[in-house]
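**Student:** coordinates only, no sequence provided:
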């Protein structure tokens, strides 16, 4: 740990750095550390489609239980030769991509994280809203039209555009599986942001199919933001 700290201090002069060695299982220790983190960052293999590996058990357990945002960064062995997937660590001003589910009650928490992150990085933000007409509940015929979905997305983003007026924001409402659209949309991004709905204890740990999909196949680091 001292060697790692020395390397980080050399690479990032002025960075405030503290290291701890915690007792207990890795999943339990990291979940506890996440309570004070914003965000917690984990290195992980298997975030790219070229590796064919699923998300590791420790990262899965932490993601399912963490109360604060968790960012997963692919290991060096999984990075692409062109450098994609490491821009978030190196501070490159690549886009931040947000996958937004307007039906899941996540808009405030997840939008705040995504807009704030893009603003601090001075990066553009791209918001992707995937929707399936057959899955819409309590929706009228007009709500199932692509144009109306785009209007609903624009309405949801308007307060955040006002709060972050200097940021460049693009939005896209797409029909189909959200996970596949997000993987494609974030291929050249610096960070992909998705939400994770908190589950009650009796339901057990759960990260959701879309989040699991992007963690398995997305190119850039992935930020998972829990929400009620």
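**Tutor:** Thanks, I have the structure now. This is a predicted model, so every value here is computed, not measured.
**Student:** CA only for contacts and neighbour counts going forward, please
**Tutor:** Will do.
**Student:** quick one: least confident helix or strand in this protein?
**Tutor:** The helix or strand of the chain with the lowest confidence, counting by mean pLDDT, DSSP states H and E, is helix 87-90 at a mean of 46.
**Student:** flag every buried residue along the next helix or strand after that one.
**Tutor:** Scanning forward in sequence from helix 87-90 by DSSP states H and E, the next helix or strand is strand 96-99. By neighbour count on 16 or more other CA atoms under 10 Å, the buried set for strand 96-99 is 96, 97, 98, 99.
**Student:** separation between the second one and residue 67?
**Tutor:** Which is residue 97. Using CA to CA, to the nearest Å, residue 97 is found at 21 Å from residue 67.
**Student:** also residue 73?
**Tutor:** Distance, residue 73 to residue 67, by CA to CA: 19 Å.
**Student:** more neighbours, these two?
**Tutor:** residue 73 (26 against 19; other CA atoms under 10 Å).
**Student:** is it true that that one touches residue 220?
**Tutor:** Yes - assessed by CA atoms under 8 Å, residue 73 is found in contact with residue 220 at 7.5 Å.
**Student:** residue contacts, residue 174?
**Tutor:** Applying CA atoms under 8 Å, 6 or more residues apart in numbering to residue 174 gives the contacts 128, 129, 130, 131, 146, 181.
**Student:** er, residue 154 I mean
**Tutor:** So residue 154 contacts residue 171 (CA under 8 Å, 6+ apart).
**Student:** longest helix anywhere in the chain?
**Tutor:** helix 146-163 (DSSP state H).
**Student:** now that helix: average pLDDT?
**Tutor:** If you average the pLDDT over helix 146-163, you get 88.
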